[in-house]
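J.: this one's structure only:
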């Protein structure tokens, strides 16, 4: 039995995935207890009880504002993220299909897209703030600028790699360029587009947190950088864990949508 032929499934796969998480949690508890044994007022590694109290406080409705900070921050960040990813996905689908299917466009605009894709998005953030101001537009534009060019390049390369035989057969049957795009390229591009979107979730969250930390009055990134001046790790760590959970939920949702809509793109070996 070779290692590459061992494929854990069901409960075994869940258990194997849970072991590193449990080990990390146990290691944190041991380190936290050790630090608090030396200094009960230590703020670097707060105890689970301290973090639970902080989460309850952030989830409680503030009598001054009438809103729960955790809920308001979450909704604000998800709204920015959702709108930015929707725009980036639409742009990537349109440009990726066009560049991948049409060699003329690929030769003309491919180098431009490749050049934009290697520009560090954080370096462009001051420019976006100058052009769009400190409002929501600049934050959304940063995420779109950060993830869309990479998604376009990936999708264009995938579409360009479609076997030539498929395109020739479709043209032999009388398909136009528009029909080729809709009936041959689009179905094969959609699973790749969703996978590319999944891979873009991490950098998208990085850009969102960066933008909220610099210019925002609400949001998960705003809250983290607001309380850091007080060394409030009991708030920062739960917020980081909450952001991670939201990202995992988004990733799992996209994966389920892709597997349900395009089961042919996921053979048994890839499951």
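T.: Good, I have the coordinates. Everything numeric in this text was worked out from a predicted model, so none of it was measured.

J.: Quick one: list the elements packing against the helix or strand that contains residue 252.
T.: According to DSSP states H and E, residue 252 maps onto helix 233-261. Other helices and strands packing on helix 233-261, by 3 or more CB pairs under 8 Å, 6 or more residues apart in numbering; DSSP states H and E, are helix 48-59, helix 69-101, helix 186-199, helix 201-214, helix 220-227. Every C-beta, even on glycine, is put in place using the N, C-alpha and C of the backbone.

J.: Tell me which of those sits nearest to residue 244.
T.: helix 201-214 (8.9 Å; CB to CB).

J.: Of all residues in this structure, which one is nearest the centre?
T.: residue 201 (1.0 Å; CA atoms, centre = their mean).

J.: that older thread, now the angle from the helix holding residue 252 to helix 201-214?
T.: 140 degrees (axes from the mean of the first three to the mean of the last three CA atoms, to 10 degrees).

J.: Might you calculate how far helix 233-261 sits from the centre of the chain?
T.: How far helix 233-261 lies from its chain's middle: 9 Å, per CA atoms, centre = their mean, to the nearest Å.

J.: Please work out the average pLDDT along it.
T.: Averaged across helix 233-261, the pLDDT comes to 94.

J.: Kindly report the same for stretch 183-202.
T.: On average, stretch 183-202 scores 94.

J.: From the rest of the structure, what touches it?
T.: 85, 88-89, 92-93, 96-97, 100-101, 147, 150-151, 154-155, 158-159, 162, 166-167, 170, 175, 247, 250-251, 254-255, 257-258, 261-262, 265-266 (CB atoms under 8 Å, 6 or more residues apart in numbering).

J.: ok, of those residues, which come out buried?
T.: For these, a burial check counting by 16 or more other CB atoms under 10 Å picks out 85, 88-89, 92-93, 96-97, 100-101, 147, 150-151, 154-155, 158-159, 162, 170, 175, 247, 250, 254, 258, 265.

J.: which residues touch stretch 133-150?
T.: Applying CB under 8 Å, 6+ apart, the set of residues contacting stretch 133-150 is 80-81, 83-85, 87-88, 91-92, 113, 116-117, 121, 124-125, 128-129, 131-132, 196, 200, 203-204, 206-208, 210-212, 215-216.

J.: Phi and psi next, for residue 163.
T.: Main-chain torsions, residue 163, degrees, to the nearest 10: phi -50, psi 140.

J.: Now do it against residue 135, distance only.
T.: For residue 163, the distance to residue 135 equals 47 Å [CB to CB, to the nearest Å].

J.: same check, this time on residue 96
T.: From residue 96 to residue 135 the distance is 29 Å (CB to CB).

J.: Tell me where the model's unsure across the protein.
T.: Residue ranges of the chain with pLDDT under 70: 1, 268-271.

J.: need the contact list for residue 162.
T.: Applying CB under 8 Å, 6+ apart, the residues near residue 162 are 100, 184, 185, 188.
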